[in-house]
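J.: Following is a predicted model, sequence given first.
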Amino acid sequence: MKITDIVVGEVEAPLITPFKTALRTVYSIRNVAVYVHTDNGQVGIGEAAPTAVITGETRASIKRAIEGYIKPAIVGMDLDDIAQIMDRLDKSIYKNTSAKAAVDMAVYDLFGKRYQTPLYKILGGYRKELVTDITISVNDKEEMVKDSLDAVKRGFTILKVKVGKDPIGDVERVVAIREAVGPDITLRVDANQGWTPKQAVRIIRALEDANTNIELVEQPVHHDDLAGMQYVTANTFTNILADESVFSSKDAFTIIEKRAADFINIKLMKTGGIFQAQKLCQIAEANGIGCMIGCMLETKVSVSAAAHFAASQKNITMVDLDGPSLCMKDPIAGGPLFESERITMTDHAGIGFSL
Ligand SMILES: C[C@H](N)C(=O)N[C@@H](CCC(=O)O)C(=O)O
Ligand SMILES: [Mg+2]
């Protein structure tokens, strides 16, 4: 089965409430959809999120990378030569990881369809069900408490609380959320690079002293300040998770070597897709470092691909695949079942969409 064409389009989904982090505010998702065609009429689907503040990519750059570089590199290749396809994809253009991720997942979707097997089973099939957290956007304390209680009412037991935009008020925000939701809800905190190393240590120690029982703090400081990450990890008891600091396996290796974090957040939009994500996850596993599977602001299309990957890996111990839960509606039918915090894999071939 040969790859004959790659077509790009758009995938849109309005958000239930504005998504706010220390890095950006978004009101509606408008991502790039990718369709990979084969000579027997099969189509595989993928999605790329233009997260300029994290990956440097825009909708225009993603479309250009795919049409101008990736498509000429892999059209004509045989689907069964998947490792060679992935090698060409990786070398077709430097960085542009979200553009690569969209094509990678569409190729894997086709591969699953070719062998009439759900993708997570092709990748290893470790588990069938995942439990995701849901993001609480950074706002004033009262709004964050209300959003947290609403999320708990929707059935979520793990909240990912965004901070880092106004460091002075961050301890109060998290303490207020813990008091409101009670001790049984798991709280993760994501500063999205918003603190300095000293601020981070002060804030995290204050959260420890207030018995907020935070599961982890994600990306406390600037992504390239690895000495800062190391300082925060060494000077607090709370687990530190590297997100924006780790795109590639090499980044993971550096973080592990420097003991700059306790966990790593893997996102397909950072690794360039599933093939590279597998390598990163296995390097972490070999070093005793557990991983979270995360997403950018993505719809059910690419979040489903990430869910298949997460379900295949023993070393994915935490899940942040809340993209579909943040959207008013899904742009596509089929795929894994997203029911409140539970994501359940189905027996449909590939990622599971009927195109
Ligand atoms: C959506 C997900 N829960 C999340 O928070 N992802 C990123 C931010 C992505 C974005 O700005 O699109 C994260 O920092 O973990
Ligand atoms: Mg993060």
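T.: Yep, it's here. Ligands and ions are numbered 1, 2, ... in the order given.

J.: What is the burial count for the residue of the chain found nearest ligand 2?
T.: Going by CB to the ion, ligand 2 is nearest to residue 243 of the chain, at 3.6 Å. In short, each C-beta sits where N, CA and C put it, glycine included. If you count neighbours by other CB atoms under 10 Å, residue 243 ends up with 25.

J.: Look up the pLDDT of it for me, please.
T.: Listed pLDDT for residue 243 reads 99.

J.: quick one: it and residue 217 touch, right?
T.: No: taking contacts as CB atoms under 8 Å, residue 243 lies outside contact range of residue 217: 10.5 Å.

J.: Mind listing the shared neighbours of those two?
T.: residue 190 (CB atoms under 8 Å, 6 or more residues apart in numbering).

J.: So the residue in the stretch 51-200 of the chain positioned nearest to ligand 1: helix, strand or coil?
T.: Proximity of the stretch 51-200 of the chain to ligand 1 (CB to the nearest ligand atom) peaks at residue 135, 4.1 Å away. What DSSP: H, G, I helix; E, B strand; the rest coil gives for residue 135 is strand.

J.: okay, the residue lying closest to it once chain neighbours are set aside: pLDDT?
T.: In space, and not counting its chain neighbours, residue 135 is closest to residue 160: 4.9 Å by CB to CB, 6 or more residues apart in numbering. With respect to pLDDT, residue 160 has a value of 98.

J.: what about residue 160, how many residues close to it?
T.: Residues contacting residue 160 under the criterion other CB under 10 Å number 24.

J.: Ok, the one 5 residues further on next?
T.: The criterion is other CB under 10 Å. On that basis, residue 165 has 18 neighbouring residues.

J.: Got phi/psi on it?
T.: phi -90, psi -30 (degrees, to the nearest 10).

J.: How about the contacts made by it?
T.: With contact taken as CB under 8 Å, 6+ apart, residue 165 is in contact with 20, 21, 22, 138, 194.

J.: most neighbours, which of the residues you listed?
T.: Across the contacts of residue 165, neighbour numbers were computed from other CB under 10 Å; residue 138 holds the maximum, 25 neighbours.

J.: Just put the contacts of residue 165 in JSON lines and tack on pLDDT and secondary structure.
T.: Output for the contacts of residue 165, formatted as JSON lines (pLDDT from 0 to 100; DSSP: H, G, I helix; E, B strand; the rest coil):
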{"residue": "20", "pLDDT": "98", "secondary structure": "strand"}
{"residue": "21", "pLDDT": "98", "secondary structure": "coil"}
{"residue": "22", "pLDDT": "98", "secondary structure": "coil"}
{"residue": "138", "pLDDT": "98", "secondary structure": "coil"}
{"residue": "194", "pLDDT": "98", "secondary structure": "coil"}
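
J.: can you tell me if stretch 42-61 touches ligand 1.
T.: Yes: contact of stretch 42-61 with ligand 1 (CB under 6 Å from any ligand atom) involves residue 51.

J.: Tell me if that stretch is near ligand 2.
T.: No: against ligand 2, stretch 42-61 shows no contacts by CB under 5 Å from the ion, the least distance being 8.6 Å.

J.: any idea how far residue 182 is from the closest residue to residue 184 other than its chain neighbours?
T.: In space, and not counting its chain neighbours, residue 184 is closest to residue 157: 7.3 Å by CB to CB, 6+ apart. According to CB to CB, to the nearest Å, residue 157 and residue 182 sit 11 Å apart.

J.: between the two, which one's more packed in?
T.: Shown here are residue 157 and residue 182; by other CB under 10 Å, residue 157 has more neighbours (15 against 8).

J.: wait, what's in contact with the more buried one?
T.: Per CB under 8 Å, 6+ apart, neighbours of residue 157: 131, 184, 185, 186, 341.

J.: Check residue 71 too.
T.: Residue 71 neighbours (CB under 8 Å, 6+ apart): 5, 6.

J.: Please repeat the previous calculation with a cut-off of 6 Å.
T.: residue 6 (CB atoms under 6 Å, 6 or more residues apart in numbering).

J.: Per-residue pLDDT of it, please?
T.: 98.

J.: Is it in a helix, a strand, or coil?
T.: Taking three-state DSSP, the label given to residue 71 is helix.

J.: One more: residue 155?
T.: With three-state DSSP as the basis, residue 155 sits in coil.

J.: Check what pLDDT it gets.
T.: Note on residue 155: pLDDT of 98.

J.: that older thread, could I get the contacts of residue 157 as CSV with secondary structure, pLDDT and neighbour count?
T.: Below are the contacts of residue 157 laid out as CSV (DSSP: H, G, I helix; E, B strand; the rest coil; pLDDT from 0 to 100; neighbours: other CB atoms under 10 Å):
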residue, secondary structure, pLDDT, neighbour count
131, strand, 99, 15
184, coil, 98, 7
185, coil, 99, 18
186, strand, 99, 17
341, coil, 98, 19
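
J.: any chance of those in CSV, with distance to ligand 2 too?
T.: Formatted as CSV, those follow (distance: CB to the ion, whole Å):
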residue, distance to ligand 2
131, 18
184, 24
185, 19
186, 16
341, 18
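
J.: Identify, from the residues you listed, the entry nearest to residue 122.
T.: The shortest approach to residue 122 among those belongs to residue 131, at 22.7 Å (CB to CB).
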